[in-house]
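> kindly return the folded structure for what I paste below:
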Amino acid sequence: MSRLKLATVWLGGCSGCHMSFLDLDEWLIDLAAQVDLVFSPFADTKEYPEGVDVVLVEGAVANEEHLQRIQTVRERSQILVSFGDCAVTGNVTALRNPLGSAEPVLQRCYIEAVDIHGQIPYEPGIVPTLLDRVIPVHTVVPVDIYLPGCPPDATRIKAVLEPLLRGEKPHLEGREFIKFG
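Sure thing, here's the model as predicted:
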C-alpha cells in the first residue's frame, strides 16, 4: 500500500491550527509512519506539489496570494479539509470586513497609527494585495470536510485523519467535534 500524501497550508490566520496539529504528540509518530508530508509550514517546500491525497487548509482567504494558492491547492489535492474556524467561516481574520474594504485597515495601520514616515506597503511580488473582503475557503473552492474549532483540538484533528488513513470519510458529530470556538 502506498503512503498517503499529506499537506498542510496556512492562509490568513494565526497558525493556531498548526500548533494544535503538533498537540497530536506521540500520535504524530504513528502518523509519520503512514504519510509523506509533502507540503507544510513545518517544511521548507516552496511549490505546492501535484497528487496530494489530503490537505488541511488553515486560515481564510485574505489576499491575492491566498486566492491563487487555494486554487492551486484545490486543483492538486484529492481531499481538502477546511481546518479551523478561519478557514470555515472567516472568523477573526474577517473582522475587518465590516469596514467595507481593505483601504480603511491599511490607512489606520500604516498611515494614522505610525509615528514617522507612514507609508502603505506596496511591492509587487513581495507584499500581496489585500482582498477587500476576507472570505472562507469554501467561497473560493469546493471543500470536502469541515473541521471547526479555534483551534480544533488534537482529538478533533485525529478524528478526521484516522478515517482518512483507512480510506474512509470522517463523520464528525456531537458538540465536542462540531462546535465552533
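
> give me the contacts around the lowest-mean-pLDDT helix or strand in the chain.
Across the helices and strands of the chain, mean pLDDT, DSSP states H and E gives its lowest value to helix 175-178, namely a mean of 70. Applying Cβ atoms under 8 Å, 6 or more residues apart in numbering, the external contacts of helix 175-178 come out as 148, 155-156, 159, 172. In this view, the C-beta of every residue, glycine as well, is placed from N, C-alpha and C.

> now which of those would you call buried?
Buried subset of the contacts of helix 175-178 (neighbour count, 16 or more other Cβ atoms under 10 Å): 148, 156, 159, 172.

> residue 131: neighbouring residues, count only.
As a burial measure, residue 131 scores 18 neighbours (other Cβ atoms under 10 Å).

> and it, which of the three is it?
strand (DSSP: H, G, I helix; E, B strand; the rest coil).

> tell me who's in contact with the residue nearest the centre of the chain.
With distances taken as Cα atoms, centre = their mean, residue 58 lies nearest the centre of the chain, 1.6 Å away. When contacts are counted by Cβ under 8 Å, 6+ apart, residue 58 touches 8-11, 13, 15, 17-18, 83-84, 86-87.

> confidence score at it?
With respect to pLDDT, residue 58 has a value of 98.
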